[in-house]
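1. Sequence and predicted structure below; questions after.
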Amino acid sequence: MIDHRRLGRELDLFDSDPLAGAGLPLWLPAGAAARHAVEEYVRDLERRAGYQHVYTPPLGRRELFERSGHLGYFAEDMFPPMRLSANDEFLLRPALCPHHALVYRARGRSYRELPLRIAELGGMYRAERSGVLGGLSRVRAISLNDAHNFCALEQVGEEVGEILRLIREAHAALGVRPAGFRLSLRGPGQKYVGDDAGWARAEELLRAALDGVEFTEAPGEAAFYGPKIDIQVRDAAGREFTLSTVQLDFDKPERFDLSYTDAGGARRRPVMVHRSLVGSMERLFAYLIEVHEGAFPAWYAPVQLVVLPVGDEQAGAAARLARDALASGLRAEVDSGGSLGSRVRDAARRRVPYVGVVGAREAAEGRVSLRLRGGRALDPMPTPQALRLIADAARAHGGRPVGPAPRG
Ligand SMILES: [Zn+2]
């Protein structure tokens with residue numbers, strides 16, 4: 001059975017150490033390289049869709065989380081407060097929304113700025129019990145792809161539709177295969193903020209956004225402040241979990257007294273749409289490692305090209321090729337130890353999408369023989385052409401596990 005924890009170890013993607021603590025994974029260089037590529041892609045996708053990125057700290061004063069409602073409704077999932085002095089307590093944040101509400105109200109807002117889309121790939125913390133922690137799928141330190149879109153009520157429908165479009169685009173690029181859409185609603189026996197009218201209106205807006213989409217309803221899965229659309233995926237063991245989400249919130253704008261000036265000069269309350277295109281980096285990678293069996297699409301493969309000199313005489317040509325690959329923005333390295341066969345097998349074990357073999361003839365002619373992941377070998381080609389081929393595949397942001405392989 002495919003398990004991201006075993007593959008993560010084999011591929012040197014991440015590790016954990018009891019000395020650091022359970023649920024606090026360490027991203028090793030290979031995992032960090034893949035994550036970095038995904039983060040850059042998502043940030044660029046958001047920027048082109050009109051998002052503005054911010055940085056906010058992963059902790060804040062107790063009063064901030066009293067105001068946001070997290071202490072009243074979410075405290076059991078939070079780490080206990082850290083006390084600096086008698087009336088100065090800090091909490092690790094369990095969500096980014098409180099800080100983003102403060103970003104919104106950092107200055108006066110006009111209707112012309114709406115929808116105002118504030119995005120951050122930020123850290124947050126959940127006090128998960130040690131029994132439920134495992135690999136990257138349940139962690140205590142979470143790096144969330146998050147945004148809060150502040151809109152006028154009449155903009156919400158279109159905004160949610162646009163978010164769903166972005167989610168589909170990101171899923172296609174990453175190779176995510178959704179298991180289904182879910183409308184998460186209030187349920188019995190839990191605490192929720194807000195009035196019935198607000199919940200009904202939010203639910204109606206989300207149902208309208210889901211028009212034409214097949215979805216299930218999940219009572220009791222709403223956030224404490226509002227209903228949400230969750231996009232579910234399944235891990236290799238068949239367990240379902242939420243990857244992407246869109247949530248409507250009428251409550252935090254009240255709590256933080258958020259407003260904008262409308263066209264007539266009147267003060268109005270915005271709606272806060274919480275959304276995550278791809279969830280947390282931890283959960284996303286737990287899923288991606290399993291769905292691709294470690295063979296990531298070329299654009300976020302930790303190493304895209306391994307150059308293998310056949311013998312010591314080709315060391316110089318191999319180093320030049322790797323250097324050119326790095327200079328052109330690819331992730332490349334040279335492997336020169338051991339027999340050629342064992343190095344080819346090692347590259348295959350690491351799921352490297354492109355292996356460049358440089359023998360005496362290739363070195364003399366400025367060429368390289370590319371082998372693609374999966375075993376296909378291309379005829380020797382000039383090294384600039386090989387680098388272009390790999391760069392094109394990496395730029396394509398396709399979700400196919402094996403990168404496209406046009407014949408040079
Ligand atoms: Zn939020």
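-> Structure received. Numbering: from 1, shown residues only.

2. what about Arg5, which helix or strand?
-> helix 4-10 (DSSP states H and E).

3. neighbouring contacts of that helix?
-> Contact with helix 4-10 is made by 13-15, 31, 134-137, 235-236, 285-287, 289-290, 293-294, 349, as judged by CB atoms under 8 Å, 6 or more residues apart in numbering. (C-beta placed from N, C-alpha, C; glycine too.)

4. repeat for stretch 148-163
-> Defining contact as CB under 8 Å, 6+ apart, one finds that stretch 148-163 is touched by 49, 96-97, 100-101, 104, 109, 111, 114-118, 205-206, 208-209, 229, 246, 248, 253, 258, 260, 262, 268, 270-275, 277.

5. For this protein, what lies in contact range of the ion?
-> Neighbours of the ion within the chain, by CB under 5 Å from the ion: Cys97, His274.

6. Now with 6 Å, please.
-> Where proximity means CB under 6 Å from the ion, the interface of the chain facing the ion comprises Ala95, Leu96, Cys97, His148, His274.

7. can you redo these as a markdown table with neighbour count, pLDDT and secondary structure?
-> Rendered in a markdown table, the data for the residues of the chain next to the ion read as follows (neighbours: other CB atoms under 10 Å; pLDDT from 0 to 100; DSSP: H, G, I helix; E, B strand; the rest coil):
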| residue | neighbour count | pLDDT | secondary structure |
| --- | --- | --- | --- |
| Ala95 | 23 | 97 | coil |
| Leu96 | 25 | 98 | coil |
| Cys97 | 24 | 97 | helix |
| His148 | 25 | 98 | strand |
| His274 | 22 | 97 | strand |
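
8. Nearest to Leu185, out of those residues: which one, please.
-> Proximity of the residues of the chain next to the ion to Leu185 was ranked by CB to CB; the top entry is His274 with 15.8 Å.

9. Tell me the bridge partners for the residue nearest to the closest one when sequence neighbours are not counted.
-> By the measure of CB to CB, 6 or more residues apart in numbering, the closest residue to His274 outside its immediate chain neighbours is Gln247, 4.1 Å from it. Beta-bridge pairing for Gln247 (DSSP bridges): Lys228, His274.

10. circling back: buried stuff in the helix holding Arg5?
-> Within helix 4-10, the residues that qualify as buried are His4, Arg5, Leu7, Gly8, counting by 16 or more other CB atoms under 10 Å.

11. Same question for stretch 15-26.
-> By neighbour count, with 16+ other CB under 10 Å as the criterion, the buried positions of stretch 15-26 are Ser16, Ala22, Gly23, Pro25.

12. Would you check which pair of those residues lies furthest apart?
-> Longest distance between any two of the buried residues of stretch 15-26 is 9.5 Å, between Ala22 and Pro25; criterion CB to CB.

13. Now for these two: what residues contact both?
-> Shared between the contact lists of Ala22 and Pro25 (criterion: CB under 8 Å, 6+ apart) are residues Ser16.

14. How about the stretch 1-150 of the chain: which residue is closest to the ion?
-> Among residues of the stretch 1-150 of the chain, the one nearest the ion by CB to the ion turns out to be Cys97. It sits 3.2 Å away.

15. My guess is that residue contacts Arg67. True?
-> No - distance between Cys97 and Arg67: 11.0 Å, which falls outside the contact criterion (CB atoms under 8 Å).

16. all helices of the stretch 101-250 of the chain, in order?
-> Shown for the stretch 101-250 of the chain, the helices assigned by DSSP state H, counting those that start in this stretch span residues 156-174, 196-209.

17. Comparing the ones you listed by mean pLDDT, which bottoms out?
-> Note on the helices of the stretch 101-250 of the chain: lowest mean pLDDT is at helix 196-209, with a mean of 92.

18. That helix to helix 156-174, inter-axis angle?
-> Counting by axes from the mean of the first three to the mean of the last three CA atoms, to 10 degrees, helix 196-209 lies at 50 degrees to helix 156-174.

19. Go through helix 196-209 and flag the buried ones.
-> Of the residues in helix 196-209, Gly198, Trp199, Arg201, Ala202, Glu203, Leu205, Leu206, Ala209 count as buried by neighbour count, 16+ other CB under 10 Å.

20. Switch the residues you listed over to JSON lines; also include distance to Gly175.
-> As requested, the buried residues of helix 196-209 are arranged in JSON lines below (distance: CB to CB, whole Å):
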{"residue": "Gly198", "distance to Gly175": "38"}
{"residue": "Trp199", "distance to Gly175": "36"}
{"residue": "Arg201", "distance to Gly175": "36"}
{"residue": "Ala202", "distance to Gly175": "32"}
{"residue": "Glu203", "distance to Gly175": "32"}
{"residue": "Leu205", "distance to Gly175": "30"}
{"residue": "Leu206", "distance to Gly175": "27"}
{"residue": "Ala209", "distance to Gly175": "25"}
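
21. Using the record's assignment, carve the chain into domains.
-> Domain assignment for the chain, taken from automatic domain parsing, gives 4-291, 298-395.

22. distance of Ala162 from the ion?
-> One correction, residue 162 is Glu, not Ala. Noted for Glu162: a distance of 18 Å to the ion, by CB to the ion, to the nearest Å.

23. related to what we said a few turns ago, can you put the helices of the stretch 101-250 of the chain in JSON lines and add distance to Pro81?
-> Written out in JSON lines, the entries for the helices of the stretch 101-250 of the chain read as follows (distance: least, CB to CB, whole Å):
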{"stretch": "helix 156-174", "distance to Pro81": "34"}
{"stretch": "helix 196-209", "distance to Pro81": "30"}
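
24. No further questions, thank you.
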